[in-house]
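Asker: show me the folded form of this:
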Amino acid sequence: MDKLAASGVKLSRHYVFRWCAPTRSALMTGRLPYHVFQSGNYVSREMIMLPAKLKQVGYATHQVGKWHLGLLYSWMTPVGRGFDTSFGYLAGGEDHFTQFQKNPKTFGCVGVDLYNSTSPAYRRNGTYGTYLYNAEIQRVIREHDVTKPLFMCVASVCWRAQLDVANRCLSHTFSQVLNSAHA
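Answerer: Numbering: from 1, shown residues only. Just a heads-up that it's a prediction; the model follows:
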């Protein structure tokens with residue numbers, strides 16, 4: 001890991017918030033979370049995001065996994081904010097096995113929250129999210145034009161909140177730790 005970091009960019013002054021969307025907004029805008037989410041649960045249209053800036057200097061840009069930086073208008077989505085492609089969910093949470101959004105306050109209704117760039121990812125739901133996102137990451141890397149630099153924002157958060165982990169991913173030791181810690 002140290003060797004990889006030595007050949008890349010190290011963020012030495014990036015501050016995180018106590019939950020994910022403000023932290024992601026800080027990374028995407030270069031601003032402290034306090035200055036980003038003042039007008040609602042989205043990043044203001046006037047703020048130019050990192051992928052848009054990177055595209056200006058020749059990067060290929062891709063987003064995989066959780067977005068949660070705006071979803072009501074096309075300009076709020078990952079592609080609307082500068083990513084070439086996007087695959088994942090737009091809201092703050094979903095069932096990681098079905099990609100079903102159960103909170104009617106999010107969209108005004110319940111339903112599947114899984115998008116492929118600019119439209120729903122029809123018939124792709126129903127597989128554990130980590131497998132979906134890993135397949136997309138591999139596809140992006142495999143099809144990437146190596147003459148261009150690559151920026152990929154990956155927010156694979158299937159492991160957080162409800163501890164939605166596929167059974168075959170759990171080792172016996174990890175299961176014992178979970179059972180003893182939550183007994």
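Asker: Val154 in helix, strand or coil?
Answerer: strand (DSSP: H, G, I helix; E, B strand; the rest coil).
Asker: and Tyr59, how far is that from Asn103?
Answerer: Remark: distance between Tyr59 and Asn103 (Cβ to Cβ, to the nearest Å) = 34 Å. (Glycine included, C-beta is placed from N, CA and C.)
Asker: who has more neighbours, the two?
Answerer: Legend: neighbour count by other Cβ atoms under 10 Å for Tyr59 and Asn103, higher for Tyr59 (18 against 13).
Asker: dump the residue contacts of the residue nearest to Met152 when sequence neighbours are not counted.
Answerer: Nearest non-adjacent residue to Met152, counting by Cβ to Cβ, 6 or more residues apart in numbering: His62, 4.6 Å away. Each residue near His62 by Cβ atoms under 8 Å, 6 or more residues apart in numbering is listed here: 83-86, 140, 150-153.
Asker: host element of His62?
Answerer: Element membership for His62, per DSSP states H and E: strand 60-66.
Asker: ok, and what's touching the next helix or strand after that strand?
Answerer: Remark: after strand 60-66, the chain's next helix or strand is strand 85-89, criterion DSSP H and E. Contacts with strand 85-89, where a contact means Cβ under 8 Å, 6+ apart, come from 62-67, 77-79, 99, 101, 113-117, 121, 132-133, 136, 140, 155.
Asker: coming back round to it: could you dump the contacts of His62 to TSV with distance to Lys53 and neighbour count?
Answerer: Below are those laid out as TSV (distance: Cβ to Cβ, whole Å; neighbours: other Cβ atoms under 10 Å):
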residue	distance to Lys53	neighbour count
Phe83	12	26
Asp84	14	16
Thr85	17	19
Ser86	17	25
Val140	19	19
Leu150	15	14
Phe151	10	18
Met152	15	18
Cys153	13	21
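Asker: and the top helix by length along the chain, what does it pack onto?
Answerer: As assigned by DSSP state H, the longest helix anywhere in the chain is helix 129-143. With contacts taken as 3 or more Cβ pairs under 8 Å, 6 or more residues apart in numbering; DSSP states H and E, helix 129-143 sits against strand 60-66, strand 85-89, strand 150-155.
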